[in-house]
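**Q** Build me a structure from this.
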Amino acid sequence: MAGKPRQAKIRVLSAKNDFLKKLVLNQWVMTRFGIDPLEQCRDKGSQVRPITLLNKNLKESQPGLTGDRHHHYLHALLGGYQSSWQYSEEDLKRFDANIVEHTDALNQQREVEVEWKYFQWLTLLFVEIYLFEYFRDREALKESLNTQVDRFNAFWQGQGYQTGIGRYQDEDLNKLCLQNATGSGKTLLMHTNVRQFRHYARQYQRIGDYGQIILITPNERLSDQHLLECRESSLEAERLSQDGGDLFSGERRSLSRVAISEITKLGNEQGKKKMAVDSFGDGNLLLVDEGHRGLGSASEEKGWLSHRNKLAGRGFTFEYSATFKEAVVAAGDNGVEESYAKNILFDYGYRYFYEDGYGKDYRIFNLPEKETRQRYTYLTAALLAFYQQQRYFHEEHRQLSQWNLAVPLWVFVGASVVKDDGSKESAKNYNERASDIAQVLDFLAWFLGEKEQAKQALSAVYQGDAASAGLIDKQGNEIFSGSFPWLKEQQLTVDALYRDILTHTFHAAGGGTLNVDRITGDSGELLLKVGEAEKPFGLINVGDALGLAEHLESHDIKHLQVRKSELANSIFAEVTRESSPVNLLIGSKKFIEGWNCWRVSSMGLMNTGKKEGSQIIQLFGRGVRLKGRDMSLMRSSRLDPILAPKYLYLLETLNVFGVGADFMATFRDFLKDEDLPGNDNPEVHTLKLNVMEDVGKSLKMLRPKVRQDTRQAYSFHRDGPLVRFGHPVISSDFYSPLGLTPDIVLKERRVELDRYPRVDSIQASGVKEVMAKPGLAKQLPRYFDDDRLLFIDMAALARDLERYRRARGYANVLIDAERFPELLKSQIWYSLLVPDDQWKLHADNFQRYQSMALELLSLLLDRVFNYHRRAYLEPRMELVALEEARGNLPSTNEYQLVVDGSELALIDDIKQMKAAIEQQQKVAYCSSKANGVSAVQIGAHLYNPLLHLGKDSRIRVEPVALNDSEFRFVEDLKVWLKRNQQAIAKRGEQVYLLRNLVRQGIGFFEAGGFYPDFILWHVNQDRQRIVFVDPHGVRHTGPKDEKIEFSERIKDVQRRLRNECVELESFILAPSSTTSAWVNSHWGMTAEELRAKHVLFMSDSDYLDRLMQMVTAPAVPC
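**A** Numbers count the residues shown, from 1 in each chain. Have a look, this model is predicted:
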């Protein structure tokens, strides 16, 4: 008899392995952009994260605003607009306008203004979308979310899985969680989220529904930090109290100020040190910093989550953390898991932060196999690695200043010896934690007191004698191989090295006993000094300083003494300052949580247990924070490797080592779980870079002339005249009483601002057309008059335009608000297209007048500045031999390809590619590809080969590799030259190509919005045609944009050079994503009209034939 059919076993999506697949709120917002996260998303044939389809253009955009007062990111996003999106272009512009307004408020009192990175802007856009839907129609939002939940569950059930995700209920809508990496600007996002929420609450007349804004932190130090940072962001802030005024007063209920408290001060009942959480009501706007705290089972955090829920049960909550995922896994609670899967709106964890080039790189120093016996030598090597960072920073400080680096700091971190509620650990745990600190201090005392032994250890490490040093890991690798390149260039003797370490790291040239000074009181601090030195070189912050001091005394460590200091003051708050004498900080995880410090450059791990994933990431995140040049947050290897000093990477790399093998194993597990490289055994493979000999003497290059007095190239920013915006401009052939530009006055190229709504329609050909909404036929241009100017706040207009001027770097421009009325009433420089209902005199339009005036003046400011920059630089350009234009050719004779030693397949691919290139060195045109990196050899290029990295490649290449569109151009040119080389040679001509590494004369090119990444030369006897090629396209410009006119303007420069043997040309190559049909539908220009302006489309199969036909066209002999 046949048995019953066996049912398929239902599996469960686990939190540990699958939590990020469950983020249904994040998936929902992606569907608003026509992206289905449940389908396999692909880009250029490769499987990618759904968000990659949205942000791929944003990553390449620059930060800041365009002349129309929108973010560059918005224009990049709209460049890929699809009719399947749930929001119109006007909706997205409105969302961005809100972000701009909130950012202006954020920057009101800042010396250095915030410019969002692409992922920050996208986070804010997602919040805009959610709050718009939430306040507009909550029921419709819930229905839309549940549609996504139903699809999500059906998809996974079809795969044989249960998800554990139920449908949204009303209470699920009241919370948003942002999972953004440590160092990615969560505090600034929080301050902007407050303004976003307040904006929509007011717009939909719901402001009275909410009580206070309450910000919850895990500790008092972080609360103090938030008080300061709120004020920097122009947000009123105070300590949360129960006697700070009537809870139901208008002031408290207008969401006008932020009340800050530690979660530990809230309880179920009122007490001496506790405030009853019920007394604050449940209708607050709650902000939770370090939102992962309280989700797990730690005894001191029990009740935290319930207290948070009570404060905002009928209100709204924003939570922020880099580690929600790890906290959810640690909690092991299905309800917690479901809640956060439904509420995480944005996920930008450390993996994506690192892969995008943000934050420091890192180097893992594994412990030696015979750990205990070699501990002193291992820590000596760690000390030497820190000392190298410290001395390099101070020796090259002036050269490094533009890279925004902080004074290096060596940190040892571990779990706390005192719990958050003030109670002590068990005796066993306490001794374990205290003994780890004792081990570090024992090493320091040994290094200071046993000079000869310390020098021997230094010698073994410094000279690279890994065998005698015993610094070999379990895989047989030398742990500190290649770690001291700058030091070795200094050629110091071991004696000199030891003395220098004593002087600069320990503040004690003569050495001496290690003194541990306990500061009286409850600061939890111990100062580390050497001998009679007055300055502390180190600080211990552990919470229970007295207990640790007694522990150290009881262990009688040689060359160490514990002293009581009645006069010393707490210095932890000063450690973040450049002037702090502290070079070494030892402490618990508690002090580093949310710590606003940029100094950490070396990190030792203590007491990081197997279950402390969130803690490890938090600790690690403190160390990889990096300001970067121009506050880019990016390391130089990704931002601008060509201009980076040779050893800058030493300061942009976090050295990580451990006291105890278990701690390092835990850290490596974290890296593995995050799919990050171990970086514990980096391999450097070199590839010979062959530079063409002597050709640089004959080829000509355009650059600014050099001033005789300063011996520096002319720069408009540094040397140019002051431009008074709106004041008369007088020249020999041009006059404008309003300071307008010749292209406006003589060529009628007006500034245009079009405020008509637009919709998308799909024509039969499938080409999207953007046009005005039906019933909104455009009227004649509008112009400001006295009636409307009455309602414009000229002082605010001047402040906002001044902020725009600073953000754009227009240092030579003086803004004069008295000129605004006359400028805005003039009818000769702008065309303002706006519907009747937005132009009529009505209070609803007053803010529109203000924003339109600001947008018009910002666009005019761009035009005026670029005109004066061009007018100054064009007469000061000259032709020189290429070899005189320093920096265009690589300064090195080899590429360096750096890859983690564990990436065996990649290493094998690199070796195969290297062998193929070496075999084909004499082949003029060839390519070789490996997994993640490709090489192309093109005989016309002045150095070979050229390398290209694939998307998400784990290989780091120096000098910098080509991007996708650049590689496509080089490959296409290689094919063309190979096909035409005989014909070119027969005519006695030569073609040369150079990737323009540093864009010499950048001010001249930037003034036209033109970025020449490549230079082509066509040489025919004595005659040269120099062709500048910009592969960045035209999608974010317009038909009257200066970039489109650049091919005409460069001919003016050619005439000024008065050299009949040289022609100058420029071309714009639009990447394949921009077609001539797209430009025609958006601009009304045909492909032929654009070709006449030297704009070519890489989507056209003959684009390179057209380019080279013009490049190699016969010229009149000179």
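**Q** Is Val582 in contact with Trp410, as I believe?
**A** No - the criterion here is C-beta atoms under 8 Å, and Val582 misses it with Trp410 at 9.5 Å. Backbone N, C-alpha and C define where each C-beta goes, glycine included.
**Q** So these two - more neighbours on which side?
**A** In terms of neighbours (other C-beta atoms under 10 Å), Trp410 is the more surrounded of Val582 and Trp410; the figures are 26 against 23.
**Q** Determine whether the claim that the more buried one is in a helix is correct.
**A** No - membership of Trp410 in a helix is not supported by DSSP: H, G, I helix; E, B strand; the rest coil, which gives strand.
**Q** Tell me who's in contact with it.
**A** Leu383, Phe386, Asn583, Leu584, Leu585, Ser601, Ser602, Gly604 (C-beta atoms under 8 Å, 6 or more residues apart in numbering).
**Q** hmm, 10 Å instead?
**A** Applying C-beta atoms under 10 Å, 6 or more residues apart in numbering to Trp410 gives the contacts 382-383, 385-387, 389-390, 505, 537-538, 582-586, 599-604, 655.
**Q** out of the residues you listed, which are inside strands?
**A** Gly538, Leu584, Leu585, Ile586, Val600, Ser601, Ser602, Met603, Gly604, Asn655 (DSSP state E).
**Q** circling back to that earlier point, so what sits against both of Val582 and Trp410?
**A** By C-beta under 10 Å, 6+ apart, the residues touching both Val582 and Trp410 are Phe537, Gly538, Arg599.
**Q** helices and strands of the chain: which one has the lowest mean pLDDT?
**A** Least confident helix or strand, the chain: strand 768-772 with a mean of 38, by mean pLDDT, DSSP states H and E.
**Q** now the next helix or strand after that one: mean pLDDT?
**A** Per DSSP states H and E, the first helix or strand lying C-terminal to strand 768-772 is helix 786-789. Averaging pLDDT along helix 786-789 gives 96.
**Q** oh, and call the first residue 53 from now on, that's how I've got it
**A** I'll keep to 53 as the first residue from here, and by that count the last item is helix 838-841.
**Q** quick check, distance from the next helix or strand after helix 838-841 to the centre of its chain.
**A** Sequence-wise, the next helix or strand downstream of helix 838-841 (DSSP H and E) is helix 846-860. Distance of helix 846-860 from the chain centroid (C-alpha atoms, centre = their mean, to the nearest Å) equals 25 Å.
**Q** list the buried ones in helix 846-860?
**A** Residues Leu849, Ala850, Asp852, Leu853, Arg855, Tyr856, Arg857, Arg860 are the ones in helix 846-860 that count as buried (16 or more other C-beta atoms under 10 Å).
**Q** just to revisit the earlier point, quickly name whichever of the shared contacts of Val634 and Trp462 is closest to Gly401.
**A** For those, the residue nearest Gly401 by C-beta to C-beta is Arg651; the value is 24.0 Å.
**Q** per-residue confidence for the closest one?
**A** On the pLDDT scale, Arg651 gets 94.
**Q** try Gly302
**A** Looking at Gly302, the pLDDT reads 46.
**Q** about what we covered before: for His1146, state which of the ones in strands among the contacts of Trp462 is nearest.
**A** Ser653 (48.2 Å).
**Q** Now the longest helix seen in the chain: buried residues?
**A** Secondary structure of the chain per DSSP state H: the longest helix is helix 898-925. Buried residues in helix 898-925, counted by 16+ other C-beta under 10 Å: 900-925.
**Q** pretty sure Ser878 contacts Leu792?
**A** Yes - Ser878 lies in contact with Leu792 (C-beta atoms under 10 Å); the separation is 8.3 Å.
**Q** what is in contact with these two at once?
**A** Shared contacts of Ser878 and Leu792 (C-beta under 10 Å, 6+ apart): Gly778.
**Q** And the two? Which one has more around it.
**A** Leu792 (25 against 15).
**Q** Just want the phi and psi numbers for that one.
**A** phi -80, psi 170 (degrees, to the nearest 10).
**Q** ok, now how distant is Thr762 from Arg770?
**A** 9 Å (C-beta to C-beta, to the nearest Å).
**Q** ignore the last one, Glu1094
**A** Counting by C-beta to C-beta, the gap from Glu1094 to Arg770 is 22 Å.
**Q** same check, this time on Glu191
**A** Distance from Glu191 to Arg770, by C-beta to C-beta: 60 Å.
**Q** repeat for Ile592
**A** Taking C-beta to C-beta as the measure, Ile592 falls 48 Å from Arg770.
**Q** quick one: which of these two has more around it?
**A** A count of neighbours by other C-beta under 10 Å puts Ile592 above the other of Ile592 and Arg770, at 26 against 13.
**Q** and the more buried one, what are its bridge partners?
**A** Leu578, Ile638 (DSSP bridges).
**Q** May I see the buried residues of stretch 501-513?
**A** Gly501, Ala506, Lys507, Gln508, Ala509, Leu510, Ser511, Ala512, Val513.
**Q** Equivalent analysis for stretch 1069-1076, please.
**A** In stretch 1069-1076, counting by 16+ other C-beta under 10 Å, buried: Trp1069, His1070, Val1071, Asn1072, Arg1075, Gln1076.
**Q** now, which of these sits nearest Glu602?
**A** Top of the list for closeness to Glu602, among the buried residues of stretch 1069-1076 and by C-beta to C-beta, is Trp1069 at 76.5 Å.
**Q** what number of residues lie near the closest residue to that closest one other than its chain neighbours?
**A** Closest residue in space to Trp1069, ignoring its immediate chain neighbours: Tyr1044 at 4.3 Å, by C-beta to C-beta, 6 or more residues apart in numbering. The tally of other residues near Tyr1044 (other C-beta under 10 Å) stands at 21.
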